[in-house]
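J.: Next input, structure requested:
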Amino acid sequence: MILRFFKRDGRRELIETVYTRIAQASRQPGLYVAGEVPDTVEGRFECLSLHMVLVFRRLRALPPPASDLGQDLADAFFRSLDQSLRQMGVGDLAVPKRMKTLAEAFYGRAHAYDAALDAGDAEALAAVLARNVTGGEEPARRLAAYAIEAEATLAGQDLDGMIASGPVFPAIETETTPEP
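T.: The predicted model follows:
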């Protein structure tokens, strides 16, 4: 009976692998240089949230069991946030409150990004990303262009491919082109 606690959960490992690939994509140096995402804890949360929203959008467009994968990825995302808070020294009593705040922030951003992406409005997306991610006065046009390109790239991926190799995101160059 005790041996069941030592069994590997293949599905959970698979989800963790897919989630890890999404997290790695959100850490591309170009996002922080050319995309002007602040390289802070908050900036990394924002960048990871953007990538998760893009993957969730793709999974919603795919047939079952894509929705199951989406739920499992959401669970992995929030488990990772919980673990990160604890590693940063947030006390056990404060973690639930912080998790609630992070969840509200994530779902608020998802709603705002969905609205702009559904409308095909690059300027609205750039404005939302500036407000939530870069914190700048100017619209985050480069980051919005990346998000639109990433959504197009994800649109070409099926569920089997996403599971096998993880969602594929475009590269974003680390150097910006100097203006003449």
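
J.: any idea which helix is longest in the chain?
T.: helix 95-119 (DSSP state H).

J.: What mean pLDDT does it get?
T.: In this model, helix 95-119 has an average pLDDT of 97.

J.: quick check, distance from that helix to the centre of its chain.
T.: Distance of helix 95-119 from its chain centroid, counting by Cα atoms, centre = their mean, to the nearest Å, is 11 Å.

J.: Can you spell out which helices and strands pack onto that helix?
T.: Contacts defined by 3 or more Cβ pairs under 8 Å, 6 or more residues apart in numbering; DSSP states H and E place helix 95-119 against helix 41-61, helix 66-87, helix 122-129, helix 141-155. For the C-beta atoms, the positions are set from N, CA and C on the backbone; glycine is no exception.

J.: Can you read off the pLDDT for the nearest residue to residue 36 once chain neighbours are set aside?
T.: Closest residue in space to residue 36, ignoring its immediate chain neighbours: residue 134 at 4.8 Å, by Cβ to Cβ, 6 or more residues apart in numbering. For residue 134, the pLDDT comes out at 94.

J.: quick one on the thing from earlier: reformat the helices and strands packed on helix 95-119 as TSV; add mean pLDDT, distance to residue 161 and mean neighbour count.
T.: Below are the helices and strands packed on helix 95-119 laid out as TSV (pLDDT from 0 to 100; distance: least, Cβ to Cβ, whole Å; neighbours: other Cβ atoms under 10 Å):
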stretch	mean pLDDT	distance to residue 161	mean neighbour count
helix 41-61	97	11	20
helix 66-87	94	12	16
helix 122-129	97	25	20
helix 141-155	97	10	19
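
J.: Which among those helices is found nearest to residue 110?
T.: helix 41-61 (4.8 Å; Cβ to Cβ).

J.: could you give the angle of the closest one to helix 95-119?
T.: Interaxial angle, helix 41-61 versus helix 95-119 (axes from the mean of the first three to the mean of the last three Cα atoms, to 10 degrees): 60 degrees.

J.: Helix 41-61: how far from the chain's middle?
T.: Worked out by Cα atoms, centre = their mean, helix 41-61 lies 2 Å from the chain centre.

J.: Now do it: which elements does it pack against?
T.: helix 10-25, helix 29-33, helix 66-87, helix 95-119, helix 141-155, helix 159-165.

J.: contact partners of the second one?
T.: Right, helix 29-33. 37-39, 43, 47, 143, 146, 171-176 (Cβ atoms under 8 Å, 6 or more residues apart in numbering).

J.: one more time with 10 Å
T.: Residues outside helix 29-33 that contact it (Cβ atoms under 10 Å, 6 or more residues apart in numbering) are 25, 35, 37-40, 43-44, 46-47, 50-51, 133, 142-143, 146, 169-176.

J.: ok, and for it, which residues are buried?
T.: Buried residues in helix 29-33, counted by 16 or more other Cβ atoms under 10 Å: 30-33.
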